[in-house]
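J.: The sequence and its predicted three-dimensional model are supplied below.
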Amino acid sequence: MAEIITFGNFKGGTGKTTNATLTGLALARAGKKTLLADFDPQANATDIYFKTAINAGETEKSFNETLLKAIENKDLKRAILNLGDNIDFLPSSADFSLLPRMMEKQFPDSYLERVTYISKLLKPLDEQYDFILIDLPPTISLISDAALFASDWVLIVLQTQEHSLQGAESFLKYIQEQVINEYQAPRLQLLGILPVLLKNGAPVDQSTLQIANEEFGTDNMFGTLIRSMERIKRYSINGVTNHDQYDRKIVSLYDDVASEIIERVKDNG
Ligand SMILES: Nc1ncnc2c1ncn2[C@@H]1O[C@H](COP(=O)(O)OP(=O)(O)OP(=O)(O)O)[C@@H](O)[C@H]1O
Ligand SMILES: [Mg+2]
């Protein structure tokens, strides 16, 4: 059974896409069969995956079918592409923004039916993967509701700045009140909060981290700190690479994140 983890925060640009991607690659290195699912119509993650595959020496890939079409055809497998050893991805594209409209037509009388539909489509993938990581857009919509409903876990990416902290708080509140209490998500739990430093060593980082520890509890904070790195920034533009010491530093950092996730899932699953 796959562990489904949604990466979230209601603040934009906090590193959700970057961290979902690098964590997925690390889980695959740890031997876990992993699927990276891009549920953002902006398709930033998809762009990174296509470029990452080319960097790894693969021939240029193209869509089998868009995510929206695969949902329409009730078979997500049709849209899945391979990214490397142990790792596949489900690419998104702009048409995915039409999901709410499509679901509205399909289930005109029940919002809850629209929310639960994606979880049913993910079911057949359960046996194929150890981990399914979902990258979300930063806004509340049917897309985030459906992804969270389907998830076992939510990982909150917290950039050390006030707005990201507020985004994380409102995200957690939304999960509890709306997704768990209202929609009755069957499995959703907090996996943890992954802190991403804005400016290495700046006082704002330290104070936000301290507030986060008090607010969310030290147990809920990942022990691995993601620092701001030029190379990581470059991955968003050029795709992920792995050929020099800077890449290797990031590999080692995310291997730590993956180990923590594997432990947390084992302890709390
Ligand atoms: N550790 C890091 N070091 C340096 N730059 C980073 C780091 N993490 C993320 N970034 C950069 O910050 C920007 C936003 O990151 P990303 O796209 O992952 O955020 P997001 O939360 O997915 O954004 P959105 O809400 O738009 O989906 C990108 O340019 C990315 O390269
Ligand atoms: Mg993103």
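T.: Here it is on my side, so go on. Remember, it's a predicted structure, so these values are computed and weren't measured experimentally. Ligands and ions are numbered 1, 2, ... in the order given.
J.: Check L190 and give its pLDDT.
T.: Looking at L190, its pLDDT reads 96.
J.: from memory it sits against N220, does it?
T.: Yes: the criterion here is C-beta atoms under 8 Å, and L190 meets it with N220 at 6.1 Å. C-beta: built from backbone N, CA, C; applies to glycine.
J.: What are the buried residues along stretch 7-20?
T.: Within stretch 7-20, the residues scored as buried using 16 or more other C-beta atoms under 10 Å are 7-11, 14-20.
J.: Quick check: the two most widely separated of those?
T.: For those, with distances taken as C-beta to C-beta, the pair at the greatest spread is F10 and T18 (17.0 Å).
J.: list the helices and strands the helix or strand harbouring R264 packs on?
T.: Secondary structure from DSSP states H and E places R264 in helix 245-268. Secondary-structure packing of helix 245-268 (3 or more C-beta pairs under 8 Å, 6 or more residues apart in numbering; DSSP states H and E): helix 16-29, strand 189-196, helix 230-238.
J.: pLDDT (mean, whole number) over it?
T.: 96.
J.: Please apply the same query to stretch 207-227.
T.: Stretch 207-227 comes out at a mean pLDDT of 92.
J.: tell me which residues in it are buried?
T.: Of all the residues in stretch 207-227, those buried under the rule 16+ other C-beta under 10 Å are 208-209, 212, 216, 220-222, 224-227.
J.: Using JSON lines, lay out these together with secondary structure.
T.: Shown next, in JSON lines, are these (DSSP: H, G, I helix; E, B strand; the rest coil):
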{"residue": "T208", "secondary structure": "helix"}
{"residue": "L209", "secondary structure": "helix"}
{"residue": "A212", "secondary structure": "helix"}
{"residue": "F216", "secondary structure": "helix"}
{"residue": "N220", "secondary structure": "helix"}
{"residue": "M221", "secondary structure": "strand"}
{"residue": "F222", "secondary structure": "coil"}
{"residue": "T224", "secondary structure": "coil"}
{"residue": "L225", "secondary structure": "coil"}
{"residue": "I226", "secondary structure": "strand"}
{"residue": "R227", "secondary structure": "coil"}
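J.: Which helix or strand lies directly C-terminal to the host helix or strand of R114?
T.: Assigned by DSSP H and E, R114 belongs to helix 111-122. Using DSSP H and E, the helix or strand that follows helix 111-122 towards the C-terminus is strand 131-135.
J.: With only the CA atoms kept, save the helix or strand that comes right after that next one in PDB.
T.: Sequence order places helix 142-150 as the next helix or strand after strand 131-135, per DSSP H and E. The C-alpha coordinates for helix 142-150 follow below in PDB (Å, rounded to 0.1, in the frame of the first residue of the first chain):
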ATOM      1  CA  LEU A 142     -11.400  21.300  -5.200                       C
ATOM      2  CA  ILE A 143      -7.900  20.300  -6.300                       C
ATOM      3  CA  SER A 144      -6.400  20.700  -2.800                       C
ATOM      4  CA  ASP A 145      -9.500  19.300  -1.100                       C
ATOM      5  CA  ALA A 146      -9.400  16.200  -3.300                       C
ATOM      6  CA  ALA A 147      -5.600  15.600  -2.900                       C
ATOM      7  CA  LEU A 148      -5.800  16.000   0.900                       C
ATOM      8  CA  PHE A 149      -8.800  13.700   1.100                       C
ATOM      9  CA  ALA A 150      -6.900  11.000  -0.700                       C
END
